[in-house]
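Enquirer: sequence and computational prediction follow.
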Amino acid sequence: MEGKKFVGICSDDGSRAVVNANPWEQRKLGELVKEGILEAPLDGNHGEKHPTSDEYVESGIPFLMASDIHNGEVNIYSCKYITKERAERLDKGFARNGDVLLTHKATIGETAILSNLMTEYAMLTPQVTYYRIKNEERLNREYLYSFFNSLDFQTELKTKAAQSTRPYIGITAQQNLKIILPTEIDEQRKIGLYFGNLDRLITLHQRKPIPHPNHPIIHTKHKGEEKYVRIRVNDREKTNRTANLRRFSVDISGGFKN
């Protein structure tokens, strides 16, 4: 379904300023892979190929577990390490700077953009998936990271992960997860930049209302240490659908482009 969508920032009195009038669309992650926008996502090595604890060393290639990713940051300084020789015997899970990481086993839904690597790559365990953007003119990594932190994405992710005996959602199932995004890459970049700046402000002003240049206050919803902001989506049949992007209140009028 196609329709014009408008994105706006809501103030505390309910008024709205339109900041975007470009089309948005709802897709599945697997569709972005098929279209060459994303590389096929991969996690770490399973079974016998998985490095064991007696192979850990004091320094070397970071060996990232789900516990090393928290609140948007990757702990590459106190994580486990393996030698480069051991890493090169592995088949997959070679994460690089710029990859968006997502935890999908036991700890579900922690996400971060990998950066500050001093090595050519980091190795992932089977608990972590990397998403690598192949076509940066179609998808912005900061936007992807922000959407992975959205309440709707997190809800879908954790609901599907809970269908296993232990919380888990594999690579195949992940590709059926939905993403809502602007079709215009410039709008993705603006939103990604907005969220990034807001992240830094929230770090400085934890649990305080944050001034916005156009409105008195933006209110954030706190859930533990995470902050979410709601996107309200109304299609032409007036059916309400919601997607909650962190720290950003928007309204989208019209349907999704499929």
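Expert: Received the coordinates, thanks. Just so we're clear, the structure is a prediction, and the values are computed from it rather than from any experiment.
Enquirer: going forward, measure contacts between C-alpha atoms and count neighbours the same way
Expert: Will do.
Enquirer: give the residue farthest from the middle of this structure.
Expert: The centre of the chain is farthest from one residue, residue 54, which by C-alpha atoms, centre = their mean lies 32.6 Å away.
Enquirer: wasn't that residue part of a helix?
Expert: Yes: using DSSP: H, G, I helix; E, B strand; the rest coil, the assignment for residue 54 is a helix.
Enquirer: pLDDT score assigned to it?
Expert: pLDDT, residue 54: 97.
Enquirer: also residue 246?
Expert: 45.
Enquirer: ok, now residue 91?
Expert: As predicted, residue 91 sits at a pLDDT of 95.
Enquirer: how about the nearest residue to it, chain neighbours excluded?
Expert: Leaving aside its sequence neighbours, residue 91 sits nearest to residue 45 (C-alpha to C-alpha, 6 or more residues apart in numbering; 6.8 Å).
Enquirer: that older thread, check the gap between the residue farthest from the centre of the chain and residue 102 for me.
Expert: 26 Å (C-alpha to C-alpha, to the nearest Å).
Enquirer: equivalent analysis for residue 174, please.
Expert: 10 Å.
Enquirer: what does residue 67 give?
Expert: Taking C-alpha to C-alpha, one finds residue 67 at 11 Å from residue 102.
Enquirer: quick one: which of these two has more around it?
Expert: residue 102 (24 against 15; other C-alpha atoms under 10 Å).
Enquirer: which residues does that one contact?
Expert: Applying C-alpha atoms under 8 Å, 6 or more residues apart in numbering, one finds that residue 102 lies in contact with 108, 109, 110, 111, 112, 128, 129, 130, 131.
Enquirer: ok, and what's touching stretch 107-121?
Expert: Residues outside stretch 107-121 that contact it (C-alpha under 8 Å, 6+ apart): 61-62, 66-67, 69-74, 76, 94-103, 127, 141-142, 145, 148-149, 154, 157-158, 161, 167-168.
Enquirer: can you select the buried ones from those residues in PyMOL?
Expert: Per 16 or more other C-alpha atoms under 10 Å, the buried members of the contacts of stretch 107-121 correspond to this PyMOL selection:
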select buried, resi 61+62+66+69+72+74+76+94+95+96+97+98+99+100+101+102+103+127+141+142+145+148+149+154+157+158+161+167+168
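Enquirer: so of the contacts of stretch 107-121, which ones are in helices?
Expert: Within the contacts of stretch 107-121, residues falling in helices by DSSP state H are 141, 142, 145, 148, 154, 157, 158, 161.
Enquirer: show the pLDDT at the closest residue to residue 135 other than its chain neighbours.
Expert: Closest residue to residue 135 apart from its sequence neighbours, by C-alpha to C-alpha, 6+ apart: residue 37 at 4.7 Å. Note on residue 37: pLDDT of 98.
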